[in-house]
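Chemist: what follows is a predicted protein model with its sequence.
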Amino acid sequence: MELNQPIVLIIALVLSIIGLVSMLKLSFKYRWFDIPGDRSSHTRIVPRTAGISIFIISFLTLLLVGPAEFNSPYILVSYACFFIIGVYDDIKHVKANTKFWGQLIIAVTLAYVLPNFRINNFYGVLGFNAIDEIPSIIFTSFVFIVVINAYNLVDGVDGLATTFAIFAFLMIGSAFQYTQPRIFDFCVLFSVILAPFYFFNFSKSRKMFLGDTGSLFLGLTIVLLVGFLLNSNNAVSTPFNMNRALFALVSLCYPLLDTLRVFTLRLAKGQSPFTADRRHLHHKLLGFGLNHFTTTFALLIFNLCIFIINATSFKNVDVNAVLITNFIIIAAFFITGQRVSIWFSKKAKN
């Protein structure tokens, strides 16, 4: 079956809408709600079960018509495990440590048994290129944990996790458009399945959250794409002939950047990196007076600007020089933002 046919995309869109409406009704019937707390950006109870519907429809699609590379029994079992963890967490709640150990076991297993999804080359970053099997397994497991949690952590503002998941699907998927077109078509299909969630996420009367089931699904799917992209045995054609490692970093720029930032701040205070708080950049933007839509839009524009700068301005430049330049650009952005926030705070007090 050709996945890029309009009828296939329309069917996926309709099934996604039906699934979300059905899940909304079930959530109210069985009272599967997210109760507002100190970290919440909302003030009333909201179902956090939209991800269950998205997960089921996407998983069945993967099972029936997904790319052969992604239909490994190990991958399917990993999705099933994440589904169980996510559903239980969305309805009953699971401790962060329990989720972490579950993620670690799955990450190490996938890195060990799936050599085609193993990151086996640094593509010149820090002067490294091809790496041996054991370091490759360790580094891939680390990346799996970081990316999966990155998409869980950015799910704190309406539309944010969905936007950056679709951004990653389309960006990374584009690298396979000419070499592995079925993977690209599947990334487009996943984006179509996600799209109706915007209506429910931003709605006042039919509001739903993605929940851990959804964010775990997005994180696992994206990290599998990243692993496949960064395996030198797989044929890839990155846009603008960008370095593979650099392309992966800019495709996931904001989720990775925010995760690195909050983890560093928490560890600096002697806290667990998984401690819940409101130190995220999207929370800061809400504090400046932006609403959920403008916060999501501003961060998307930021990530797009980083991509455009890297794609158009750094051709034939050493990848490490590019990374240093990116660090300077992002640091300047943060320093400017901090000064603007201080100025706004003083103005508000006056």
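Modeler: The structure has been received and is ready for your questions.
Chemist: by contact count, what packs against the helix or strand where residue 171 lies?
Modeler: If you go by DSSP states H and E, residue 171 is part of helix 160-174. Under the contact criterion of 3 or more Cβ pairs under 8 Å, 6 or more residues apart in numbering; DSSP states H and E, helix 160-174 touches helix 133-153, helix 181-194, helix 197-202, helix 211-229, helix 244-251, helix 253-268, helix 292-313. Heads up, the C-betas are built off the backbone N, CA and C, glycines and all.
Chemist: buried set for stretch 100-109?
Modeler: 100, 102, 103, 106, 107, 108, 109 (16 or more other Cβ atoms under 10 Å).
Chemist: distance to residue 68 and pLDDT added to these, as TSV?
Modeler: Output for these, formatted as TSV (distance: Cβ to Cβ, whole Å; pLDDT from 0 to 100):
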residue	distance to residue 68	pLDDT
100	31	89
102	27	92
103	25	93
106	21	96
107	22	96
108	24	97
109	20	97
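Chemist: I'd like those residues as a markdown table, with distance to residue 230 appended.
Modeler: A markdown table is the format used below for the buried residues of stretch 100-109 (distance: Cβ to Cβ, whole Å):
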| residue | distance to residue 230 |
| --- | --- |
| 100 | 23 |
| 102 | 24 |
| 103 | 19 |
| 106 | 19 |
| 107 | 15 |
| 108 | 17 |
| 109 | 19 |
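Chemist: sitting in strands, which of these do you find?
Modeler: Within the buried residues of stretch 100-109, no residue falls in strands by DSSP state E.
Chemist: list just the nearest of those residues to residue 311.
Modeler: When the buried residues of stretch 100-109 are compared for distance to residue 311 (Cβ to Cβ), residue 107 wins out at 29.7 Å.
Chemist: distance check, the closest one against residue 287.
Modeler: The gap separating residue 107 from residue 287 is 33 Å, by Cβ to Cβ, to the nearest Å.
Chemist: one more: residue 191?
Modeler: With the distance defined as Cβ to Cβ, residue 191 ends up 30 Å from residue 287.
Chemist: more neighbours, those two?
Modeler: residue 191 (19 against 12; other Cβ atoms under 10 Å).
Chemist: shouldn't that one be in contact with residue 171?
Modeler: No. Contact criterion Cβ atoms under 8 Å: residue 191 and residue 171 do not qualify, at 10.8 Å.
Chemist: the nearest residue to residue 279 once chain neighbours are set aside - how many residues pack around it?
Modeler: Spatially, and ignoring its direct neighbours in sequence, residue 279 is nearest to residue 262 (5.0 Å; Cβ to Cβ, 6 or more residues apart in numbering). By other Cβ under 10 Å, 21 other residues sit near residue 262.
Chemist: what's near enough to touch residue 262?
Modeler: Neighbouring residues of residue 262 by Cβ atoms under 8 Å, 6 or more residues apart in numbering: 153, 273, 277, 279, 280.
Chemist: from residue 256, how far off is it?
Modeler: Counting by Cβ to Cβ - residue 262 and residue 256 are separated by 11 Å.
Chemist: again with residue 55
Modeler: Distance check for residue 55 against residue 256: by Cβ to Cβ, it reads 23 Å.
Chemist: out of these two, which sits in the busier spot?
Modeler: Neighbour count, other Cβ under 10 Å: between residue 55 and residue 256, residue 55 has more, with 26 against 18.
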